[in-house]
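Q: Provided below are the primary sequence and the corresponding predicted coordinates.
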Amino acid sequence: MNLARFNHVLIPSTKAERDKRRRGPLGRILVEPLAKTYYALSPEGRAAFALAAVAAFSGLDVERSQSSMLWALLFSLILVTLAVRRLFALQGVTIRVSAPERIMAGEQAHFEVCLENRSEREHHAVHVDGPFLPWDGAWRRATASLRQLLPGESRRVTLTARFEARGPHELDQFSASALVPLRLTRGPRLWSAGTRFTVVPRVAPVEPLSLPPAPCYQQGGVARASHTGESLELVGVRPYREGDRLRDLHAKTWARTGKPAVREYHQEYFSRVGVVLDTDGTKTREEEFEAGISLTAGIVSRLFQSEALIDLLITGDQLHALTLGRSLGCLERALDQLASVQPGPPFEAPRVEHLLGPCLSRLSNVILVSPGWDSARDALVRAIERSGVGCRCVAVCAPKRPRAPLLSDRVRVLSSSEVREACETGKAVTL
């Protein structure tokens with residue numbers, strides 16, 4: 001059980017749902033007053049409040065203890081600073097947060113908070129705080145301070161966090177406030193807009209891939225040469241037909257045979273490689289599932305460095321296809337699609353073969369990434385090979401799980417710990 005996720009089970013995952021709950025009856029009656037009081041106090045003020053509560057409890061017997069004097073002193077100081085806190089509002093100040101569009105899981109994310117003072121008033125001891133994070137997030141630097149913010153001045157601070165779970169994220173508002181003298185409370189908070197970004201999977205480093213040889217021409221492929229002046233592949237010489245270009249006339253054949261002949265060219269196409277991700281989540285743990293997605297991202301990244309076109313094919317209830325390479329798409333699009341992958345139904349070779357059928361005619365090779373290996377997946381590989389398409393397979397298993405007998409010499413078995421270690425150390429995995 002993921003205890004971090006379990007601790008946040010009652011907290012909505014989207015900002016819209018959280019705001020709706022805050023505006024509900026329970027939020028307005030109970031949560032909002034407590035939250036306003038909590039955020040009005042500084043860390044020193046919260047410590048003083050806790051000390052005052054202890055002093056109040058220990059000083060109930062006023063005849064035997066003088067702790068009530070400490071309680072009265074601390075609470076009076078807190079009440080006085082709370083009464084004057086509105087005088088220290090950040091009037092004329094705007095706050096804006098810049099966040100990266102994509103954040104890689106496990107990597108540090110930097111949020112740049114910009115404060116601009118458009119008023120004629122000088123502000124001192126300005127503190128910037130990050131919002132409460134979802135279950136997979138952890139702050140590395142949650143607060144930042146500015147000694148002063150001069151009139152017309154714009155200052156930037158950076159807060160740092162780390163996220164582990166793939167998918168879209170939406171954070172609550174960042175806030176800024178000025179400390180009240182005695183540093184027990186803060187002035188009214190200035191709130192930013194919400195922040196959205198996508199956490200993409202880690203990209204496992206992969207050694208250069210050695211794929212079965214395949215013809216360069218692929219039906220429905222993308223031509224290498226797109227302009228008349230570029231060279232094409234010479235197929236041979238044939239007799240001249242009306243309408244042929246004069247520039248293609250082959251003088252030597254014409255002289256030898258006495259009949260005009262022209263050179264015939266064949267358009268050269270990029271080979272296409274299909275990367276198939278098996279999303280069977282019925283017999284695999286979350287760790288192996290995430291390792292398979294990271295490995296798929298690494299394979300796509302490695303293929304993206306070659307001249308091949310890449311078809312990312314994600315199986316499940318239906319096929320999710322994305323073509324990458326050259327001008328057709330970038331690696332970020334593949335990471336976005338992998339970020340939203342969820343565990344799917346049990347693997348069924350006939351269903352997956354039916355989903356992949358329309359795509360196989362344009363592919364020269366297929367790389368299958370699967371959680372585990374069995375006879376059904378081996379049958380799928382044999383069906384792909386019968387269609388004339390080369391196939392390589394990678395099975396990602398648990399570190400301590402016994403490895404099933406390899407039913408094909410093209411299967412490479414990796415453990416989830418090996419993939420995770422490759423992501424952390426940068427040591428490339430050999431497939």
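A: Thanks, I have it. All values derive from a computational prediction rather than experimental measurement.

Q: rest of the way, CA atoms for contacts and neighbours
A: OK.

Q: Burial check on Ser42, number of neighbours?
A: Neighbour count for Ser42, taken as other C-alpha atoms under 10 Å: 20.

Q: who's in contact with it?
A: Residues counted as contacts of Ser42 (C-alpha atoms under 8 Å, 6 or more residues apart in numbering) are 179, 183-186.

Q: so how far is stretch 385-400 off the chain centroid?
A: In this view, stretch 385-400 has its centroid 25 Å away from the chain centroid, taken as C-alpha atoms, centre = their mean, to the nearest Å.

Q: Could you break the chain into its assigned domains?
A: The chain breaks down into these domains under automatic domain parsing: 13-86, 87-200, 233-266, 272-425.

Q: show me where pLDDT drops low in the protein?
A: 1, 61-64, 212-234, 266-270, 326-328, 399-409 (pLDDT under 70).

Q: looking at it, which residue lies furthest from center?
A: For the chain, the C-alpha farthest from the mean C-alpha position belongs to Gly258; by C-alpha atoms, centre = their mean, that distance is 66.8 Å.

Q: quick one: that one from Gly243, how far?
A: Noted for Gly258: a distance of 19 Å to Gly243, by C-alpha to C-alpha, to the nearest Å.

Q: Repeat that for Leu73.
A: Per C-alpha to C-alpha, Leu73 is found 102 Å from Gly243.

Q: quick one on the thing from earlier: Arg5: which of the domains of the chain is closest?
A: domain 87-200 (5.3 Å; C-alpha to C-alpha).

Q: The closest one: end-to-end distance?
A: Here the two ends of domain 87-200 are set 44 Å apart, with distance taken as C-alpha to C-alpha.

Q: so how far is that domain off the chain centroid?
A: On the basis of C-alpha atoms, centre = their mean, domain 87-200 sits 22 Å off its chain's mean C-alpha point.

Q: can you give me the helices for the chain?
A: For the chain, the helices defined by DSSP state H occupy 3-7, 15-22, 25-26, 32-40, 43-58, 67-83, 251-257, 286-304, 331-339, 349-360, 375-386, 416-425.

Q: Quick one: those as TSV, columns for distance to Pro131 too.
A: Formatted as TSV, the helices of the chain follow (distance: least, C-alpha to C-alpha, whole Å):
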stretch	distance to Pro131
helix 3-7	17
helix 15-22	11
helix 25-26	21
helix 32-40	11
helix 43-58	15
helix 67-83	22
helix 251-257	77
helix 286-304	27
helix 331-339	23
helix 349-360	43
helix 375-386	46
helix 416-425	28
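
Q: Make CSV out of the ones you listed and add mean neighbour count and distance to Pro208.
A: CSV is the format used below for these (neighbours: other C-alpha atoms under 10 Å; distance: least, C-alpha to C-alpha, whole Å):
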stretch, mean neighbour count, distance to Pro208
helix 3-7, 11, 37
helix 15-22, 14, 42
helix 25-26, 10, 57
helix 32-40, 14, 53
helix 43-58, 17, 53
helix 67-83, 16, 64
helix 251-257, 12, 44
helix 286-304, 23, 7
helix 331-339, 18, 17
helix 349-360, 15, 23
helix 375-386, 16, 22
helix 416-425, 18, 15
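
Q: what about the ones you listed, which gets the closest to Ser145?
A: Smallest distance to Ser145 across those (C-alpha to C-alpha): 13.3 Å, for helix 43-58.

Q: For the closest one, C-alpha coordinates in PDB please.
A: C-alpha atoms of helix 43-58 as PDB (Å, rounded to 0.1, in the frame of the first residue of the first chain):
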ATOM      1  CA  PRO A  43       6.500  30.000  12.200                       C
ATOM      2  CA  GLU A  44       7.600  31.900  15.200                       C
ATOM      3  CA  GLY A  45       4.000  32.900  16.000                       C
ATOM      4  CA  ARG A  46       2.900  29.300  15.800                       C
ATOM      5  CA  ALA A  47       5.600  28.200  18.200                       C
ATOM      6  CA  ALA A  48       4.600  31.000  20.500                       C
ATOM      7  CA  PHE A  49       1.000  29.900  20.300                       C
ATOM      8  CA  ALA A  50       1.900  26.300  21.100                       C
ATOM      9  CA  LEU A  51       4.000  27.500  24.100                       C
ATOM     10  CA  ALA A  52       1.100  29.700  25.300                       C
ATOM     11  CA  ALA A  53      -1.300  26.700  25.100                       C
ATOM     12  CA  VAL A  54       1.100  24.600  27.200                       C
ATOM     13  CA  ALA A  55       1.500  27.500  29.700                       C
ATOM     14  CA  ALA A  56      -2.300  27.900  29.900                       C
ATOM     15  CA  PHE A  57      -2.800  24.200  30.600                       C
ATOM     16  CA  SER A  58       0.000  24.100  33.300                       C
END
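
Q: Check which helices and strands it is in contact with.
A: With contacts defined as 3 or more C-alpha pairs under 8 Å, 6 or more residues apart in numbering; DSSP states H and E, the packing partners of helix 43-58 are helix 67-83.

Q: Swap in 10 Å and give it another go.
A: Helices and strands in packing contact with helix 43-58 are listed as helix 32-40, helix 67-83; criterion 3 or more C-alpha pairs under 10 Å, 6 or more residues apart in numbering; DSSP states H and E.

Q: List of residues touching stretch 325-336?
A: Residues outside stretch 325-336 that contact it (C-alpha atoms under 10 Å, 6 or more residues apart in numbering): 102, 104, 166-168, 198-203, 222, 270, 272, 293-294, 296-298, 300-301, 303-312, 321-324, 338-339.

Q: Strands - which of those residues land there?
A: Mapping these onto strands (DSSP state E) picks out 102, 104, 167-168, 198-200, 272, 309-312, 321-324.

Q: Now for these: which two are most distant?
A: Of all pairs drawn from the ones in strands among the contacts of stretch 325-336, the widest gap by C-alpha to C-alpha lies between Pro168 and Arg272 and measures 29.9 Å.
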